[in-house]
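Q: Turn this into a structure:
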Amino acid sequence: MGRVREREPNKSQPDRVRRPIHWDSNYYNQDLNYVWVTNRSTTPPTVAPLDRQAPNGPAFLQKFQARAGWWSPDGEWFAFESNRICNDISGQTYAIFIQDANGARPAKQITDCAWNVQHPKWFPPGKDGRTLLIAAVQAGPDEPFRLATFDVTRFVGDLH
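A: Reported below is the predicted structural model:
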């Protein structure tokens, strides 16, 4: 057991000993994620998956896996990464999807699995942002990520 000290030792008080963190009780798997949203117009506010077809409970279906999302500047679209369609058993290859803000339609895949693309950010940050800035790598996991841009006008137009 280790000790956790306060940021700056207080000479008038002895060091405080805190309980160690036991991580196995709070296991986290980054590949078992949905995107959850809060509806604050209800009383009390409700929380549910953005994709309305995803289970709203403890069950997990890989076909709805999503993480690292970012809202479009106009708030109409949500871009996220997912390994739901990539046949990489290790879960290390991600594609980018976009979904309408209401989650009423299925998410639209906009990149394939040939490149491992992650962390989409809408650009430019004004209302006209129709480009995603993404991190991408094509080779194995030891290769460096590169930044790329991806014009989503065609896909956003398809979803309107």
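Q: Using neighbour counts, pick out the buried residues of the helix or strand where Lys121 lies.
A: Here Lys121 sits within strand 116-123, counting by DSSP states H and E. In terms of neighbour count (16 or more other C-beta atoms under 10 Å), strand 116-123 has its buried residues at 116-120, 122-123. Every residue, glycine included, has its C-beta placed from N, CA and C.
Q: Run through the helices of the protein in chain order.
A: Using DSSP state H, the helices of the chain run over 153-159.
Q: in it, which spans are strands?
A: Along the chain, counting by DSSP state E, strands occupy 36-39, 46-49, 67-71, 77-82, 95-100, 108-109, 116-123, 131-137, 146-151.
Q: Need these in JSON lines (columns: distance to Pro58 and mean pLDDT).
A: Below are these laid out as JSON lines (distance: least, C-beta to C-beta, whole Å; pLDDT from 0 to 100):
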{"stretch": "strand 36-39", "distance to Pro58": "13", "mean pLDDT": "84"}
{"stretch": "strand 46-49", "distance to Pro58": "12", "mean pLDDT": "84"}
{"stretch": "strand 67-71", "distance to Pro58": "18", "mean pLDDT": "89"}
{"stretch": "strand 77-82", "distance to Pro58": "20", "mean pLDDT": "91"}
{"stretch": "strand 95-100", "distance to Pro58": "22", "mean pLDDT": "91"}
{"stretch": "strand 108-109", "distance to Pro58": "26", "mean pLDDT": "90"}
{"stretch": "strand 116-123", "distance to Pro58": "26", "mean pLDDT": "88"}
{"stretch": "strand 131-137", "distance to Pro58": "31", "mean pLDDT": "87"}
{"stretch": "strand 146-151", "distance to Pro58": "34", "mean pLDDT": "84"}
